[in-house]
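Enquirer: Fold the following for me, if possible:
(chains A and B)
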2 protein chains.
Amino acid sequence: MTPGGAGVRRPDQHTQAAAPAHAPGITGVSAGSVLGPYLRTQAADFLRSLRLHRESTAPTDAGSRAAEQAATALRRSSRRIGATLRTFRTALDPLWAEQLRTELSWLSGTLAREHAYADRLTRLLEALHGLSGDPVLPAARTGDTPGTGRPVLGVGAARAGALLERQLTLARTRAHSAALQALGSARFHAVADAVALLASEVPLSPAAAGPAGELLAEPADRAEQRLLGAVAALPSDESAEPYNEAHDAPWHQTRLLLRLHRYAHEVVHGAPDPVLAAPGHALDLHRDAAEAAGAAASAARTPRIAPATAYALGVLHADQRHEVEAARTLFRASWPYATTGAARS
Amino acid sequence: MTPGGAGVRRPDQHTQAAAPAHAPGITGVSAGSVLGPYLRTQAADFLRSLRLHRESTAPTDAGSRAAEQAATALRRSSRRIGATLRTFRTALDPLWAEQLRTELSWLSGTLAREHAYADRLTRLLEALHGLSGDPVLPAARTGDTPGTGRPVLGVGAARAGALLERQLTLARTRAHSAALQALGSARFHAVADAVALLASEVPLSPAAAGPAGELLAEPADRAEQRLLGAVAALPSDESAEPYNEAHDAPWHQTRLLLRLHRYAHEVVHGAPDPVLAAPGHALDLHRDAAEAAGAAASAARTPRIAPATAYALGVLHADQRHEVEAARTLFRASWPYATTGAARS
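Expert: Numbering: from 1, shown residues only, chains lettered A, B, ... in the order given. Model (predicted):
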């Protein structure tokens, strides 16, 4: 699909035979000839997912599963298009890129919410189940009778679970309505039209005729440098205050930068950098645990709940905050470079 | 003090110049000539501490500090005498040894309680302080306003602290009265008399005239084997359910076995095995955290507490249970032998 250009490869460039069709030898080709096919592919994916979503409005279980999958795919393309518009804006029509990026970010955020509430509820109920104990435990050798091991949680865990289920299901339902409303809005139709145009013709800047080596490799390197800088600036484990949510922000920011780097790598090298899959997963876990802890704390602010419920929510909150810490440890353990932020080359 | 006997030393035997006077070359000497001086020294320490305790009944701060130190010293000697009576009972009058051991265990348990409640309160209040956040935090860059970071804990932490203070101070006061009552009881006077006799003459069995190599080294080895066996049987970290107090029992048991080994090593080698200092400390931390978690759970069962208080106690409980896990990790990391329980020789 892209012109030949079998020039010099960067040492870290992927050379596997199964590399996607748009994996370019980046030297000797124009920026547009790399960026164009990538964006057109993502735009086509977006439109296909949108069609699938519209076809799966049947209020059956299978229909709602299909709609969920279609929404996930829509978000996937939206994130990739948005990130590409951001990272490689100098090779694109800048005004158009900035505007579409903002709209895609709104769309993907709106679609993500329903899914996030569902995941959060599952995570919290599973954690509560683990905290309040497995009924199929091997009989303890210490003569422990049922209920004596974990005194208050048994009472409160069920109530806390019911409270979380009520609150997060309500939030999920609202997010679902908001997503449906968004997908029917004029604002969304404008986004869909813009993506449909993108699928046939990418609004490149005149500069995009220039060499990809400058116009794509440099912004991709900057995206990597921003990620490395953010990782180097992460507070050390020693200074960690596990219950202080204000300290989560640099981690969340690192997660976003890793995602931008991931998509830029995809554009330039045809696939995400495999060594960053595990750190990326750790940062997703970090985000999920931090938000689950927040939901437990928020549920505990419900007026007139029983002390046993509040107690179980406190245990749950602390448990999820420890999962936050564990995710940080996992991130550090899987991070492939020196933590000083020095790049590999 | 002990007869010469500069025989073959065990390879792991301590050879430092500053070894205590009763550190024996165990080959070529009788069991009684090792056991006698050790027990007489401990008995003399016991009697001195008892005298100090009686002299420090002045209700001043200095007086109560001195009484506390004297009680700590009393427990220290009681534990050592009791452990020695247990491990080396074949070299002693068995009926007498068993009886005095039981009484010393009662005494040291009674004296320990007051101290334990005080430590537990300190531990829990410090943990609450850490959980509810340090007021001198660097201003967060995320526009975080005071109080938004840790929503419920601020309200509940102070109340939880006050509740714990009330409950544990009451428990401590009761333990103090119980200890004073015990020290004035006929039962205690009988113990003190028995220890006074021990300070002048140790009731050795006829066998104690035999070689220390058999009568002391073998029971000491058995104490070590019991410890190694208990460590090998500890459940793996993978199977850990951090909130299940029923799983604490084998760890508490290991702590007691390590202490028995420690004192047996002291008798035979003149000093505790230095490589077991860190694992022993980890098991102490384990016990302290487990009991603190229990106290938080128990406080949460107080009727009519506010949900915010219960929530903070739940967070505190989970935090201490995670300290339990951390102590286990610390123990495994500091344990000097292969975890299969294979002894070093």
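Enquirer: Please tell me I have it right and residue A:183 contacts residue A:67.
Expert: No: look at residue A:183 against residue A:67 with Cβ atoms under 8 Å: they stay out of range, at 10.0 Å. To be clear about C-beta, it is placed using only N, CA and C from the backbone, and glycine gets the same treatment.
Enquirer: List the residues that are in contact with both of those two.
Expert: When contacts are counted by Cβ atoms under 8 Å, 6 or more residues apart in numbering or on different chains, residue A:183 and residue A:67 have residue A:53 as shared neighbours.
Enquirer: in the stretch 201-345 of chain A, what residue is nearest chain B?
Expert: Proximity of the stretch 201-345 of chain A to chain B (Cβ to the nearest Cβ) peaks at residue A:314, 2.4 Å away.
Enquirer: Quick one: list the elements packing against the helix or strand hosting that residue.
Expert: Assigned by DSSP states H and E, residue A:314 belongs to helix A:307-334. Of the remaining helices and strands, those touching helix A:307-334 by 3 or more Cβ pairs under 8 Å, 6 or more residues apart in numbering or on different chains; DSSP states H and E are helix A:94-132, helix A:153-183, helix A:277-300, helix B:277-300, helix B:307-334.
Enquirer: Out of the ones you listed, flag the one nearest residue A:258.
Expert: Counting by Cβ to Cβ, residue A:258 lies closest to helix A:277-300 out of these; the figure is 5.3 Å.
Enquirer: How far off centre is that closest one?
Expert: Taking the mean of its C-alpha atoms, helix A:277-300 sits 11 Å from the chain's own mean (Cα atoms, centre = their mean, to the nearest Å).
Enquirer: Looking at the helices and strands packed on helix A:307-334, which is nearest to residue B:242?
Expert: helix B:307-334 (5.0 Å).
Enquirer: Can you give me the buried ones in the closest one?
Expert: Neighbour-count burial for helix B:307-334, with 16 or more other Cβ atoms under 10 Å in any protein chain shown as criterion, is recorded at B:307-325, B:327-328, B:330-331, B:334.
Enquirer: for stretch A:195-213, same thing?
Expert: The neighbour-count criterion (16+ other Cβ under 10 Å) identifies A:195, A:198, A:199, A:202, A:203, A:204, A:205, A:208, A:210, A:212, A:213 as the buried residues of stretch A:195-213.
Enquirer: and the fourth one, what are its phi and psi?
Expert: With angles defined as degrees, to the nearest 10, residue A:202 sits at phi -90, psi 120.
Enquirer: would a markdown table of the helices and strands packed on helix A:307-334 with mean pLDDT be doable?
Expert: Converted to a markdown table, the helices and strands packed on helix A:307-334 look like this (pLDDT from 0 to 100):
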| stretch | mean pLDDT |
| --- | --- |
| helix A:94-132 | 94 |
| helix A:153-183 | 93 |
| helix A:277-300 | 97 |
| helix B:277-300 | 96 |
| helix B:307-334 | 95 |
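Enquirer: what about residue A:29, distance to residue A:55?
Expert: The gap separating residue A:29 from residue A:55 is 38 Å, by Cβ to Cβ, to the nearest Å.
Enquirer: For these two, indicate the residue with more neighbours.
Expert: residue A:29 (19 against 12; other Cβ atoms under 10 Å in any protein chain shown).
Enquirer: Quick check: the more buried one touching residue A:214?
Expert: No: with contact defined as Cβ under 8 Å, residue A:29 and residue A:214 do not form a contacting pair (11.7 Å).
Enquirer: Could you tell me the angle between the helix holding residue A:314 and helix B:307-334?
Expert: Our comparison of helix A:307-334 with helix B:307-334, counting by axes from the mean of the first three to the mean of the last three Cα atoms, to 10 degrees, yields an angle of 40 degrees.
Enquirer: Pretty sure residue A:75 is one of the things residue A:45 touches, is it not?
Expert: No: with contact defined as Cβ under 8 Å, residue A:45 does not count as touching residue A:75 (11.0 Å).
Enquirer: what's in contact with stretch A:40-56?
Expert: A:22, A:63-64, A:66-67, A:69-71, A:73-74, A:76-78, A:80-81, A:84, A:183, A:192, A:195-196, A:198-200, A:202.
Enquirer: So which residue is dead centre in chain A?
Expert: Here the mean C-alpha position of chain A is nearest to the C-alpha of residue A:284 (Cα atoms, centre = their mean), at a distance of 6.3 Å.
Enquirer: Out of the helices and strands packed on helix A:307-334, flag the one nearest residue B:35.
Expert: Closest among the helices and strands packed on helix A:307-334, once you apply Cβ to Cβ, is helix B:277-300, at 23.0 Å.
Enquirer: For the closest one, name the packing helices and strands.
Expert: With contacts taken as 3+ Cβ pairs under 8 Å, 6+ apart, helix B:277-300 sits against helix A:307-334, helix B:94-132, helix B:153-183, helix B:249-269, helix B:307-334.
Enquirer: which of the residues in it are buried?
Expert: Of all the residues in helix B:277-300, those buried under the rule 16+ other Cβ under 10 Å are B:279-280, B:282-283, B:285-300.
Enquirer: just the angle between it and helix B:94-132, please?
Expert: Going by the same axes, to 10 degrees, helix B:277-300 makes 70 degrees with helix B:94-132.
Enquirer: which residue packs closest to the residue of the stretch 201-345 of chain A closest to chain B, ignoring adjacent ones?
Expert: residue B:314 (2.4 Å; Cβ to Cβ, 6 or more residues apart in numbering or on different chains).
Enquirer: same question, residue A:308
Expert: Taking Cβ to Cβ, 6+ apart, and ignoring the residues beside it in sequence, residue A:308 has residue A:156 as its nearest neighbour in space, at 3.5 Å.
Enquirer: Before I go, just wanted to say thanks for your time.
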